[in-house]
Structure formats: structure tokens, C-alpha cells
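Novice: For reference, the sequence and a predicted model appear below.
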Amino acid sequence: MKAFQLISLILCCVYMCGCAVVCTNPLPNADRAKPDQRLLGRWMLKTDEGTGYIQFDSGPNQTMTVSTFGDKLTPDQSDRAFTMFTTRLGNYDYMNLRFGGPRGDGYFIVRYSVTTDKLAVWFLAGDKIKRAIDEGKLKGEEKSSAPLTAITITDSSAKISAFIETSSDDLFFHCADLQKVRN
């Protein structure tokens, strides 16, 4: 499985709700972010299409790099799909994932939880974000290009985090559970 296919598999969860949600600003505290040591290492996602891996490594300036690869591949510089930092809001942890290179600007906000051997991830529900923008609770814009609608939240980091903290748990939907790979 190629890195692009793995990213597509994960982002497929985003598409299940009919739209992708990107924020022009990350959640706050980027300047105080520390790599979440629990994420470091390799995580495995098994699907009907094969097995893919996501690897988290420490990066520069308190960020982390996220590499993706398939069954017979090892990560290298070309597989670095994201840089990220984490934010804690209330009882939840969030990844602020930013595409590397010329793939685009903005951040995917992903809620996550880590247990000893399991990484669970949740993505923003596009329909809930669209409603919040329509109701004036968030600033943003919607662009449709079949078969996907892209929603960009353009509000400030503080307003995005306040909205997340005051919203119900169904603002995010469960996407996948990955298993820790032990050497």
C-alpha cells in the first residue's frame, strides 16, 4: 500500500460525512506545544485493502512529523505527509495536522486518545461545522466540487477552541483505531 493510499484511507473517514474540514488557524498553544510521547513510534491500521502504518517522530520546534507507509515500505523523507503539534482542551487531546510541501495550507483538527496499545482518532463532522458557520457561530466558507464539499474554518484559534469546548461530543465522529507496533 502506498503512502497516498493510506492517507486516502484515513481521510476517507472525513469524506464519509460528505465534506472535509480544514482550519486556516490551528488550535491555540502552538508556542507551548510539546510532542505527546505516547504517540511516538509506529501504529498499524488494518483494512480490507491491506495494512498501513503511521509513524510519529519528534520534529523541530516541539512539533512531530507524521510518516505514512504500507506493508513493505519503510518511512523516508518523501513519506512525511504531515507536521503536527498537539493541544489539550478540557479532557481531550487534539492533533493539529498540517500537510507538508505543496499539498495545501491549513490544519486538520483530529481528536485522539491513546491507551497502551491503541490510538483512536476522531474527525470533525462536516455537517455540524457547516451548520455552525450558517448560524454565525464560526466564520468560514464552503466550496463544493463533486463529490466532496470542502469547508474551511477561517475563525481565530481562540474562537475555534471555544466552539469545540462548548460543543457536544458528536462534533467529532470516530474514524479509526490503530494498534501500536511493538518491536
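Specialist: All right, it came through fine. Residues are numbered from 1 along each chain as shown.
Novice: alpha carbons only for contacts and neighbour counts from here, please
Specialist: Fine.
Novice: State the three-state secondary structure for Lys137.
Specialist: In three-state terms, and counting by DSSP: H, G, I helix; E, B strand; the rest coil, Lys137 is coil.
Novice: quick one: it from Lys159, how far?
Specialist: 9 Å (CA to CA, to the nearest Å).
Novice: that's a strand at Thr116, yeah?
Specialist: No. Secondary structure of Thr116 (three-state DSSP): coil, not part of a strand.
Novice: where does it land on pLDDT?
Specialist: Note on Thr116: pLDDT of 87.
Novice: which residues sit in contact with it?
Specialist: Taking CA atoms under 8 Å, 6 or more residues apart in numbering as the criterion, Thr116 is in contact with Lys180.
Novice: Look up phi and psi at it.
Specialist: Note on Thr116: backbone dihedrals following degrees, to the nearest 10 are phi -50, psi -50.
Novice: ok, now how distant is it from Glu135?
Specialist: 40 Å.
Novice: Geometrically speaking, which residue is the centre of this structure?
Specialist: Note on the chain: the residue nearest the mean C-alpha position is Val110, at 3.8 Å, using CA atoms, centre = their mean.
Novice: shouldn't that one be in contact with Leu124?
Specialist: Yes. In this structure, Val110 is within contact of Leu124 by CA atoms under 8 Å, at 7.0 Å.
Novice: which residues in this protein form strands?
Specialist: Ranges of strands in the chain, per DSSP state E, are 19-23, 41-47, 50-58, 64-70, 80-89, 92-99, 107-114, 118-124, 140-145, 148-153, 172-180.
Novice: Out of the ones you listed, which gets nearest to Asn29?
Specialist: strand 80-89 (6.6 Å; CA to CA).
Novice: same for that closest one, what does it pack against?
Specialist: strand 64-70, strand 92-99 (3 or more CA pairs under 8 Å, 6 or more residues apart in numbering; DSSP states H and E).
Novice: Where does pLDDT dip in the protein?
Specialist: Applying pLDDT under 70 to the chain flags the ranges 1-19, 30-32, 71-80, 100-104, 145-148.
Novice: run the last query once more with 50
Specialist: 1-17, 73, 75-78 (pLDDT under 50).
Novice: can you tell me which residues contact Gly90?
Specialist: Counting by CA under 8 Å, 6+ apart, Gly90 touches Glu165.
Novice: Just give the closest residue to Gln36, not the sequence neighbours.
Specialist: Quick fix: residue 36 is Asp, not Gln. In space, not counting the residues next to it along the chain, Asp36 is nearest to Thr86; the distance is 6.9 Å by CA to CA, 6 or more residues apart in numbering.
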